[in-house]
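Trainee: Just to be clear, the model below is a prediction. Sequence and coordinates:
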Amino acid sequence: MTTRCAGLISIFVVAVAARAALPDKEPATAIRVHIEGLHSDRGQVICALFAAADDFPKRVDQAFARTTAQIMARHATCEFPNVPAGIYAISVFHDENGNGKLDTNWLGIPREGVGASNNPKPRMGPPKFAAAKFQHSQGSMDVEIIMRYL
């Protein structure tokens, strides 16, 4: 019995030493965007993460990262994994008809819901990067955006 106990203790010591030699897992660096205030469950939500003021918020194709989210119970969540630390701003829109673009009227006013990080109040034209920017550090973070229909 003592030989068996000694063998188990040796295995335990080796396992603990092996675990200590492994590098620690990097902390998650995701940004999760929770979108509230959707008028319906139709279509999808398109989210864009911008790392600079250039092209914010209109040029989704020029964003640092883009993703879509399905809508359930008038709520959607977009996730951006593996985002390095930095300054970012997020724009979202409710693509109700599923055509992949923000529909506007002849004046350029959105016909579908829009939103941005920090939920800036609507002014003449889209929000500025400075109003929507936030600091992302190591680790995961959650951002809440309330959809606005103009």
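Mentor: In hand now; what should we look at? Residues are numbered from 1 along each chain as shown.
Trainee: Pull up the pairing partners for the longest strand anywhere in the chain, direction included.
Mentor: The residue-count maximum for a strand in the chain (DSSP state E) belongs to strand 86-95. With DSSP bridges as the test, strand 86-95 is paired with strand 44-50 (antiparallel), strand 114-116 (antiparallel), strand 134-136 (antiparallel).
Trainee: quick one: average pLDDT of the first one?
Mentor: Mean pLDDT, taken over the full extent of strand 44-50, equals 98.
Trainee: same for the helix or strand following that strand, what does it pack against?
Mentor: Towards the C-terminus, the helix or strand next in line after strand 44-50, according to DSSP states H and E, is strand 65-70. Under the contact definition 3 or more Cβ pairs under 8 Å, 6 or more residues apart in numbering; DSSP states H and E, strand 65-70 sits against strand 44-50, strand 76-80. Every C-beta, even on glycine, is put in place using the N, C-alpha and C of the backbone.
Trainee: Please name the bridge partners of the closest residue to Q70 other than its chain neighbours.
Mentor: Ranked by Cβ to Cβ, 6 or more residues apart in numbering and with sequence neighbours excluded, the top spatial neighbour of Q70 is Q44, at 6.1 Å. Residues in a beta bridge with Q44, per DSSP bridges, are Q70, D95.
Trainee: List the residues that contact Q44.
Mentor: 68-71, 76, 95, 98 (Cβ atoms under 8 Å, 6 or more residues apart in numbering).
Trainee: before we move on, back to that, wait, which of the strands paired with strand 86-95 is closest to R148?
Mentor: strand 114-116 (5.9 Å; Cβ to Cβ).
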